[in-house]
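Please work out how this folds:
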Amino acid sequence: MKKILITGANGFIGSFIINSIVNDNYKIFALVRKTSNIERLKPIIDKINFFYGDVRDKDSLIEPVKNADIVIHCAAVLRCINEITYYEVNHIGTKNLIETIAEYNPHIEGFIYLSSQAAAGPCEVLDYKKPEEICSPVSHYGKSKMLAEQEVLKYSDKIKTIILRPGAVYGPYDKDMFLYFQLAQKGILPVFNSEFHIQFLFISDLVEILKDILLNLQSFSSNIFFIAEEKCYNIEEIKNVFEKVFKKDIKIIVIPYFIGYLAAYLNEKFYKIFYKKPAVFNRDKLKEASKKFWLCYSSDIKKYLPNFKYTPLEEGIKQTYVWYKENNWL
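Numbering: from 1, shown residues only. The predicted structure is shown next:
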């Protein structure tokens, strides 16, 4: 029985992965911090072996790494109060993990790193960026993920390393896209660039790809893959999808950058003072949202997984909407 270590196991993606593979023929090890909220793992807690640690604490990674046949590295911060935290967790945390693997478990079967399209950055023109193209991240989050990728690539000739760059991930339990569902319910869809184009990835697709990689790991070599629905959507098409799902008219509102910047700044201060936590909408996310073209070439994975099909946005949004309604989020 293969032993799978998943970092960031309590997060949106990590918990989805564990809930999906827990009944497969794997022994699951979950790396979480002692302060982590493991609510989504409680129904299957007796099927998981927990390690308590932090990717910023290298010593806490030794025992988890020693026990693993495969590591799926999901631990990351998507937003934070102080920008240095992006680099401490996403960059240095990944560096700590891959170095610990190289030292204590160099013959591991595979290391799968959940990076982000943000690491590659947006396209300059309306064309699909390929994995081998030069990275040009525009946010601190994206830069920290790019630096993390570079740490992983240093070991790609010694350890089988698979780097996945998901597009805009959405689905049940997601709090980022949930903001847009709330606004769509009110009949508005804000955008910071009228030429905005983007590719999405339904959470179930990401999990299925990971499951298929685990089953076919021997056929993979070290590589970087974008993963997202192959179709890109402009803001008008996104609006149309939401209108079909919500069965109501929705108005696109183009917000000038300086107004978005002011709103993001004030939102950050409000959450820091009153909630002591980072805001979902902040200046770092605005840097990404204000760019025109978030496009990537996501067909390479099909060379290894020829039968895989991405979920169309309308179907994914519909499933997510139903979940939000049934669980009283909307």
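
So what's the residue count around residue 322?
For residue 322, the count of nearby residues is 13 (other CB atoms under 10 Å). Quick note: C-beta positions are derived from backbone N, CA and C, even for glycine.

What's the mean pLDDT across stretch 254-271?
What stretch 254-271 shows for mean pLDDT is 97.

same thing with stretch 188-205?
Mean predicted confidence for stretch 188-205 is 97.

and what of stretch 281-299?
Rounded mean pLDDT across stretch 281-299 is 97.

And that stretch, how far out from the chain middle?
13 Å (CA atoms, centre = their mean, to the nearest Å).

What is the end-to-end distance of it?
31 Å (CA to CA, to the nearest Å).

How about stretch 252-259?
Taking CA to CA, stretch 252-259 runs 16 Å from one end to the other.

which residues touch it?
Here stretch 252-259 makes contact (CB atoms under 8 Å, 6 or more residues apart in numbering) with 188-194, 235-236, 239, 263, 286, 290.

Which of these sits closest to residue 68?
residue 286 (37.6 Å; CB to CB).

now the strands: where do they sit in the chain?
2-7, 26-32, 48-52, 70-73, 110-114, 161-166, 168-170, 188-191, 197-198, 200-202, 223-227, 233-234, 251-254, 293-294 (DSSP state E).

What's the local residue count around residue 134?
Residue 134 has 7 neighbours, counted by other CB under 10 Å.

Tell me the buried residues in stretch 48-58?
Neighbour-count burial for stretch 48-58, with 16 or more other CB atoms under 10 Å as criterion, is recorded at 48, 50-51, 53-55, 58.

Show me the contact partners of stretch 210-221.
Against stretch 210-221 from outside (CB under 8 Å, 6+ apart): 2, 4, 17, 20-21, 24, 26, 70, 72, 109-110, 112, 160, 162, 164, 304-305, 308.

hmm, which of the residues you listed are the buried ones?
Buried members of the contacts of stretch 210-221, counted by 16+ other CB under 10 Å: 4, 17, 20-21, 26, 70, 72, 109-110, 112, 160, 162, 164, 304-305.

What is the most widely separated pair among those?
20 and 160, at 21.7 Å, using CB to CB across those.

isn't residue 230 right next to residue 300, touching?
No. Counting by CB atoms under 8 Å, residue 230 does not reach residue 300; the two are 11.0 Å apart.

Mind jotting down where the helices sit in the protein?
12-21, 62-66, 84-86, 93-104, 117-120, 140-153, 178-185, 203-215, 235-246, 257-274, 283-289, 313-326 (DSSP state H).

For residue 268, list the residues it contacts.
Counting by CB under 8 Å, 6+ apart, residue 268 touches 81, 278-279, 282-283.

which among the residues you listed gets closest to residue 322?
Among the contacts of residue 268, and counting by CB to CB, the member closest to residue 322 is residue 279, at 27.5 Å.

so what's that closest one up against?
So residue 279 contacts 79, 264, 267-268, 270-272 (CB under 8 Å, 6+ apart).

and what of residue 78?
Taking CB under 8 Å, 6+ apart, one finds 141, 176 in contact with residue 78.

Residue 77 now?
With CB under 8 Å, 6+ apart, residue 77 has these contacts: 85-86, 89-90, 141.

What about the residues you listed, which one has the most neighbours?
Highest neighbour count within the contacts of residue 77, by other CB under 10 Å: residue 90, with 29 neighbours.

so what's that residue closest to, chain neighbours aside?
Nearest residue to residue 90 in three dimensions, chain neighbours excluded: residue 144, at 3.8 Å (CB to CB, 6 or more residues apart in numbering).

so how many other residues sit close to that neighbour?
Residue 144 sits with 29 neighbouring residues when counted by other CB under 10 Å.

so what pLDDT did it get?
98.

next one: residue 235
Predicted confidence (pLDDT) for residue 235: 97.
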